[in-house]
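Q: Provided below are the primary sequence and the corresponding predicted coordinates.
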Amino acid sequence: MTFNIFAKIALAKIEEAIKNGELDNLPGQGKPLDLAYLDMVPPEMRPAYSVLRNSGYLPVEASLLKEMANVKQELELGTHTEEQKEALINKLRDLELKYNLARESLRKNKKSR
């Protein structure tokens, strides 16, 4: 019931802003949203990640995900020697381990609240 009240208030504020032209000429207006950066982010973390990203802050988990995606992309190129490929695979494993440890720490902190 409380959610409906907040939803109605939010909708009224949005409609008022549209009516007053406060949402005109915003950066990216009329362009599709680029949500590709969320592909590697677990669904339950996407809203928080988006807020943090839009405010210029990148949490440890997010920066690790970004770096993992870059390493995976580098591996997909397939233009490396076996030694380089092995180094990239080891780097990816290290990043995955750091990410999993960070997520576990986050999960433990969440449970202790």
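A: Happy to help now that I have it.
Q: can we go C-alpha only for contacts and neighbour counts from here?
A: Fine.
Q: buried residues in stretch 44-58?
A: Buried residues in stretch 44-58, counted by 16 or more other Cα atoms under 10 Å: 49, 50, 58.
Q: what about this protein, any weak spots by pLDDT?
A: For the chain, applying pLDDT under 70 flags the ranges 1-3, 40, 109-113.
Q: how about the helices of it, start to end?
A: 2-19, 46-54, 60-77, 82-111 (DSSP state H).
Q: out of these, deepest packed?
A: helix 60-77 (a mean of 16; mean count of other Cα atoms under 10 Å).
Q: chain center to it: distance?
A: Centroid separation for helix 60-77 versus its chain: 13 Å, with Cα atoms, centre = their mean, to the nearest Å.
Q: which strands or helices does it pack on?
A: helix 82-111 (3 or more Cα pairs under 8 Å, 6 or more residues apart in numbering; DSSP states H and E).
Q: and the buried residues of stretch 44-58, which is closest to residue 41?
A: The closest of those to residue 41 turns out to be residue 49 (Cα to Cα; 7.9 Å).
Q: on that earlier part again, rebuild the buried residues of stretch 44-58 as CSV, extending it with distance to residue 67.
A: Converted to CSV, the buried residues of stretch 44-58 look like this (distance: Cα to Cα, whole Å):
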residue, distance to residue 67
49, 15
50, 17
58, 12
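Q: closest one of these to residue 88?
A: For the buried residues of stretch 44-58, the nearest to residue 88 is residue 58 (23.2 Å; Cα to Cα).
Q: mind checking how far residue 70 is from residue 78?
A: According to Cα to Cα, to the nearest Å, residue 70 and residue 78 sit 14 Å apart.
Q: rewinding a little: so which of the helices of the chain comes closest to residue 26?
A: Once those are compared by Cα to Cα, helix 2-19 is nearest, at 11.7 Å.
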